[in-house]
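J.: Prediction below, plus the sequence it came from.
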Amino acid sequence: MTTADPLQPSARRRSAAAGWFASARAALDRPLTAYYLLLGASALLLTIGLVMVLSASSVYSYEQNGGNSYAVVERQLVWVAIGVPCAWVASRLPLPVVRRFAWLSMFVAIVLLALIRVPGLGVEVNGNKNWLGLGPFVIQPAEIAKLAIVLWAAHIYARKDKRLDNFHEVFMPVVPGLLAVIALVVLGHDLGTALVLFAILLAMLWVVGAPGRLFMFMMTAVGVVAVGLASTSSERLQRITNFADPFKDFHNAGWQPAHGLFALASGGIFGEGIGASRQKWGDLPEAHTDFIFAVLGEELGLVGTLLVVGLFVTIAYAAIRVARQTQDAFVRYMTFGIVVWLLGQMIINVGMVLALFPVIGLPLPLVSYGGSALVPSLVALGLLIGFARREPEAARALAQRRKARSAGLSAGPTS
């Protein structure tokens with residue numbers, strides 16, 4: 001009679017884990033992995049965003065639009081119908097054509113930001129005058145500026161790629177140009193967007209190897225501006241001083257972050273179910289925009305919030321993989337700037353909802369309501385997808401797949 005080896009089950013588990021790890025590693029090493037990860041994660045985030053906008057905005061839409069609970073999500077669908085084709089076109093444009101838009105996009109962004117200061121055109125929303133009224137549309141030029149400054153800075157630095165060991169080449173004209181855009185945003189008292197734009201500037205300087213003294217100067221400057229901007233608004237100052245404990249000023253500055261925490265706490269692990277949020281019934285301001293992550297946590301629970309954060313991390317992983325493998329300096333700089341923009345804004349938004357950061361009014365990319373933010377984000381992701389599919393190995397794999405499909409169709413069934 002033989003006795004079972006007690007080590008066999010654990011050995012089998014280790015073997016199975018090793019086999020799974022090897023399979024996952026092999027899948028990640030495939031040439032089209034980054035392409036499919038970017039495409040899949042972007043599509044999932046967009047779908048989740050539409051579902052959550054529908055749910056989070058239903059009560060607000062009903063109250064503000066004569067009993068129509070779908071008014072907000074209908075407008076969001078219009079922006080999706082505009083943004084998805086734009087993203088598809090961006091993914092197919094050759095790199096020289098993309099780079100031709102660099103100076104034009106920067107010029108348009110600066111003009112739109114300057115028009116906000118024109119009486120009758122600038123629109124103030126929640127204390128921030130960073131919106132522009134153009135006929136029936138109200139847009140936020142700062143969202144367009146995020147894509148514009150990444151494209152422009154990447155184009156400039158790619159042209160200077162062999163001369164970036166010189167401080168003057170790193171500094172001019174990118175730093176003054178981006179600081180001018182940030183200054184126009186600061187004039188509208190939009191601290192959140194200004195911080196994202198500044199993060200993009202720092203990221204671009206870091207990726208091109210800027211000297212440390214420049215970083216020290218920039219960090220000091222942003223600290224002074226942030227403190228000065230906060231001191232100009234008593235409401236903003238209250239939010240900054242009380243963000244760590246929103247219940248200390250529950251009925252004033254702490255109302256929104258406190259109810260965001262209530263929403264997340266009541267969601268638990270698996271959530272209350274889609275459409276079952278209680279906080280969206282008036283207690284949670286901006287439930288479908290800046291605080292949609294709180295409603296998502298209430299309805300989909302910890303699992304849903306981790307899924308959304310994981311999808312952003314997936315986009316960042318795939319994009320950084322493209323940036324590391326590419327031989328094109330423009331692709332490398334552009335990719336890194338987009339990653340810092342989208343991932344940084346996600347971190348700030350989630351941090352606001354978790355009361356880790358002050359409430360500074362930033363939407364969750366691809367998920368929150370708002371066409372001004374959605375369309376540039378989709379175009380940026382379209383560019384990333386285009387970069388991924390143009391990588392030499394990925395391009396060869398796609399060509400072989402098309403050839404195999406054509407051969408299969410031409411063979412066809414024989415009679």
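T.: Sure thing, it's come through.
J.: What residues of stretch 88-104 count as buried?
T.: In terms of neighbour count (16 or more other CB atoms under 10 Å), stretch 88-104 has its buried residues at 90, 91, 95, 98, 99, 101, 102. In short, each C-beta sits where N, CA and C put it, glycine included.
J.: looking only at pLDDT, what's the mean for the longest helix that the chain contains?
T.: Longest helix in the chain, counting residues (DSSP state H): helix 292-325. Mean pLDDT, computed over helix 292-325, is 95.
J.: Could you report the neighbour count for the closest residue to residue 45 other than its chain neighbours?
T.: Among residues not flanking residue 45 along the chain, residue 366 sits closest, at 4.3 Å (CB to CB, 6 or more residues apart in numbering). Burial measure for residue 366: 28 neighbouring residues, criterion other CB atoms under 10 Å.
J.: thought residue 366 was touching residue 379?
T.: No. Judged on CB atoms under 8 Å, residue 366 makes no contact with residue 379 at a distance of 11.9 Å.
J.: Using CSV, lay out the buried residues of stretch 88-104 together with pLDDT and secondary structure.
T.: Converted to CSV, these look like this (pLDDT from 0 to 100; DSSP: H, G, I helix; E, B strand; the rest coil):
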residue, pLDDT, secondary structure
90, 96, helix
91, 95, helix
95, 94, helix
98, 96, helix
99, 96, helix
101, 95, helix
102, 96, helix
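J.: returning to what we had before: show the subsequent helix or strand relative to the longest helix of the chain.
T.: For helix 292-325, the following helix or strand on the C-terminal side (DSSP states H and E) is helix 329-353.
J.: now the angle from that next one to helix 292-325?
T.: 160 degrees (axes from the mean of the first three to the mean of the last three CA atoms, to 10 degrees).
J.: Alpha carbons of the longest strand along the chain, in CSV - could you do that?
T.: Using DSSP state E, we find that the single longest strand of the chain is strand 128-134. Presented in CSV, the C-alpha positions along strand 128-134 are these (Å, rounded to 0.1, in the frame of the first residue of the first chain):
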residue,chain,number,x,y,z
ASN,A,128,-14.6,79.2,-12.8
LYS,A,129,-14.7,81.4,-15.9
ASN,A,130,-13.1,78.8,-18.2
TRP,A,131,-16.1,78.1,-20.5
LEU,A,132,-16.8,79.6,-23.9
GLY,A,133,-20.2,80.2,-25.4
LEU,A,134,-20.4,79.5,-29.1
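J.: Name every sheet partner of the very next helix or strand once past it and say whether each one runs parallel or antiparallel.
T.: Heading C-terminal from strand 128-134, the first helix or strand you meet, by DSSP H and E, is strand 137-139. Partners of strand 137-139 in the sheet, by DSSP bridges, are strand 128-134 (antiparallel).
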